[in-house]
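Engineer: Sharing a sequence plus its predicted fold:
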Amino acid sequence: MIVVENGTITGILDTSVNHMTDGNLIDLTGYTVLPGLIDAHTHVLFSQAADRDFAEHSMVTLTTENSALRVLRGSKRAKSYLDVGITSIKDLGNSGLFLDVALRNAIDEGTIIGPRIFASGPILSAPGGQIYGVVPKHQDLISEEYRIVRGVEDAELAVQEHVNQGVDLIKICADNLPNKTVLSLEEMQAIVKTAHAYGLKVTAHSVTDISARQAIHAGVDGIEHGFNVSDSTLTMMAENDVFLVPTENSSDYMELYSKLAGYGQDDDQWIERYSTAMSERLQKALKIGVTIIAGSDNYTEINVPRGVSSRDMFKAYYESGMAPMDILRAATYLSAKQLGKEGKLGVLKKGAKADIIAVKGDIGTKFYESMENVVFVMKDGQVFTSVE
């Protein structure tokens, strides 16, 4: 029996439900009960069609989408995470000027319904950010989406600005592909030193191996994506306790994406190459001892709610050979630990937040089918989905 009072688990008792004398009883016998899940890489304030160019769509968003409308749309996407049992998310930029912080605050105060948000604010980046091809006259618009860093002192100031706005962590771009600009080692070191002084962790977007190595040398806490990390870099990560958020997608997702993007059938071979490369990368990371944190990075519209799209990460990890219990740890306990919420989130124990879900099915033998069948969702002691 899990006892919940005022949004907190106050006890886990080895006793019969027949001994209940007061309070509300929720019977979850017959289901698998789990801590609320965590998606550690989201962008709820950004969305694009599969056939749209990222940079072009980013500029359209910045110049035609009112900030209030952007937050309202983001709130709908955020709520959909609760529907699939994801009660906390780490939102990592592409969210205007601290709109993610505003959305987090609105959820925390109960104005709107959604998962617990850990917000990074604008991504700290070298000139150009990740928005490529913008002419000099309009480069200033990029500063509405990224905090452009120009030198070591400015790097320190950027972190202080974020702290002043109430962010939960700092995200940097260790590389800006296809833009060629990168933060210097000294700039990244200044960001990490300043953030850590304020008790904030730093995670780095990284596609190339060299950018991941630079970020690790700078002292970051995590690497996002890490698509091209080498074995030696993975070893560095394990030795320095740097976590990896491998934002993988399942083969079904990639086939749907390919169709929506308008790729021809002759282009489908890349999906197999992608799946093989991601599986090999994940297996190497696990063997070397890198801490894996579950994150989706699914901001592409695939004609399903955002939460459903993000849930695909569980199928992707499973297809890559990750054991069900390891996937669950990556999406609960380990993720909470890296957020500085060990013992509060991602666990079912006395003193933890009452984030509790239940799934129907055998997670050992039919893992993804069970994860698709969420029948109960509680966040902070409030029930959002109840068993029939």
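Structural biologist: Noted; the coordinates are in hand. Numbers count the residues shown, from 1 in each chain.

Engineer: Only C-alpha atoms from now on, for both contacts and neighbour counts.
Structural biologist: Fine.

Engineer: so how far is residue 70 from the nearest residue to residue 55 once chain neighbours are set aside?
Structural biologist: Excluding the flanking residues, the one nearest residue 55 by CA to CA, 6 or more residues apart in numbering is residue 131, at 4.7 Å. In this view, residue 131 and residue 70 are 18 Å apart by CA to CA, to the nearest Å.

Engineer: higher neighbour count, these two?
Structural biologist: The residue with more neighbours, out of residue 131 and residue 70, is residue 131; 22 against 19, by other CA atoms under 10 Å.

Engineer: hang on, isn't residue 141 packed against residue 61?
Structural biologist: No - in this structure, residue 141 is not within contact of residue 61 by CA atoms under 8 Å, at 10.8 Å.

Engineer: that older thread, does the residue nearest to residue 55 lie in a helix or a strand, and which?
Structural biologist: Residue 131 belongs to no helix or strand when assigned by DSSP states H and E.

Engineer: Return the distance of residue 302 relative to residue 381.
Structural biologist: 32 Å.

Engineer: Report the beta-bridge partners for residue 383.
Structural biologist: Assessed by DSSP bridges, residue 383 has beta-bridge partners residue 378.

Engineer: State the number of residues packed around it.
Structural biologist: The local packing of residue 383 (other CA under 10 Å) involves 14 other residues.

Engineer: I figured it was touching residue 377, is that so?
Structural biologist: Yes - look at residue 383 against residue 377 with CA under 8 Å: they come within range, at 5.9 Å.

Engineer: Mind listing residues that contact whichever strand or helix holds residue 213?
Structural biologist: Here residue 213, judged by DSSP H and E, is contained in helix 209-218. By CA atoms under 8 Å, 6 or more residues apart in numbering, the residues outside helix 209-218 that reach it are 174-175, 185-186, 188-189, 192, 204, 206, 223, 226, 228-230, 233, 236-237, 240, 242.

Engineer: Filter those residues down to the ones in helices?
Structural biologist: Residues of those located in helices (DSSP state H): 185-186, 188-189, 192, 233, 236-237.

Engineer: so where do the helices sit in this structure?
Structural biologist: Secondary structure of the chain by DSSP H: the helices cover 54-64, 67-83, 99-108, 152-164, 185-197, 209-218, 231-239, 251-261, 269-288, 306-319, 324-330, 333-338, 367-371.

Engineer: which one of those helices lies closest to residue 44?
Structural biologist: Among these, the nearest to residue 44 by CA to CA is helix 67-83 (5.2 Å).

Engineer: Show me what counts as buried in that closest one.
Structural biologist: Residues of helix 67-83 classed as buried by neighbour count (16 or more other CA atoms under 10 Å): 67, 70-71, 74-83.

Engineer: Check stretch 368-380 too.
Structural biologist: So stretch 368-380, judged by 16+ other CA under 10 Å, has buried residues 368, 370-372, 374-380.

Engineer: Stretch 152-164 too?
Structural biologist: The neighbour-count check on stretch 152-164 (16+ other CA under 10 Å) flags 152, 155-160, 162-163 as buried.

Engineer: Could you pull up the mean pLDDT of that stretch?
Structural biologist: Averaged across stretch 152-164, the pLDDT comes to 98.

Engineer: same question, stretch 63-71
Structural biologist: 95.

Engineer: And the residue nearest the centre of the protein?
Structural biologist: The residue lying closest to the centre of the chain (CA atoms, centre = their mean) is residue 41, at 1.7 Å.

Engineer: Look up how far residue 48 lies from it.
Structural biologist: Look at residue 41 and residue 48: by CA to CA, they are 16 Å apart.

Engineer: same deal with residue 30?
Structural biologist: For residue 30 relative to residue 48 (CA to CA), the value is 40 Å.

Engineer: Same drill for those two, tell me which one is more crowded.
Structural biologist: residue 48 (15 against 10).
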